[in-house]
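A.B. asks: here's my sequence, what's the structure:
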Amino acid sequence: MEYRKDQNIIDKLSTWLGLVALWSTPFVVAIIFYEVVLRYVFVNPTMWVNEMSLWVSGGAYLFAGLYAMRHRSHIRIFIIYDIVPRWVQHIFDCISVACLAVFSFAVIWGSFSEVKRKLLTMETYGTAWDPPIPGTIKPLILTFLALILIQAISNLICDWNKPPVTHDVTDEVDLEAIKANTLDIDKDVEK
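C.D. replies: Presented below is the predicted three-dimensional model:
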């Protein structure tokens, strides 16, 4: 688990929940492998693996979204952000968090009664195994939407007085792979 001194309780929670997403992926791979072996080797398929993989993967997606917000690894357009003064970057950051807040409040407000009903009745998926996927995943969506907003606000507060971070093309490009690829192409051209 990643540890930094400047982590607050929100960062620690997001990192810990990100680890849940990390470890749920091998679980999904293992149960799908189990299903493939049972189905094609023993001709005895399960009725629960497909739904379980959907259930766990849906949860992992939500957990990973919070982790991505924690590490500021969501999509950003730096070409404009990096060339403006720091005070304008602060305005951009505030607008970004405000847009996320409006979206989060709208989704939570608009779907709260439906989600509450699904949770209280523990609505099921409607298949042979019939797990309560809607009764659990839909409340998780609202919960994680609120947690992502809280993490975004935390990021805004924590980053406010930090010096600006500049980005360039090499942040996203593996230069060593390009050099190796170029050498291979040059060798092919020489032949």
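A.B. asks: list the buried residues for the helix or strand where residue 95 lies?
C.D. replies: Using DSSP states H and E, residue 95 falls within helix 86-121. Residues of helix 86-121 classed as buried: 89, 93, 96, 97, 100, 104, 108, 115, 118, 119 (neighbour count, 16 or more other Cβ atoms under 10 Å). Glycine gets a C-beta too; all of them are placed from N, C-alpha and C.
A.B. asks: so how far is residue 47 from the second one?
C.D. replies: When distances are taken as Cβ to Cβ, to the nearest Å, residue 93 and residue 47 turn out to be 48 Å apart.
A.B. asks: do the same with the last one
C.D. replies: Here residue 119 is placed at a distance of 25 Å from residue 47 (Cβ to Cβ).
A.B. asks: so the spatially most central residue of the chain: helix, strand or coil?
C.D. replies: In the chain, the residue lying closest to the centroid (Cα atoms, centre = their mean) is residue 65, at 2.2 Å. Secondary structure, DSSP: H, G, I helix; E, B strand; the rest coil: residue 65 is helix.
A.B. asks: spit out the contact partners of it.
C.D. replies: 144, 148 (Cβ atoms under 8 Å, 6 or more residues apart in numbering).
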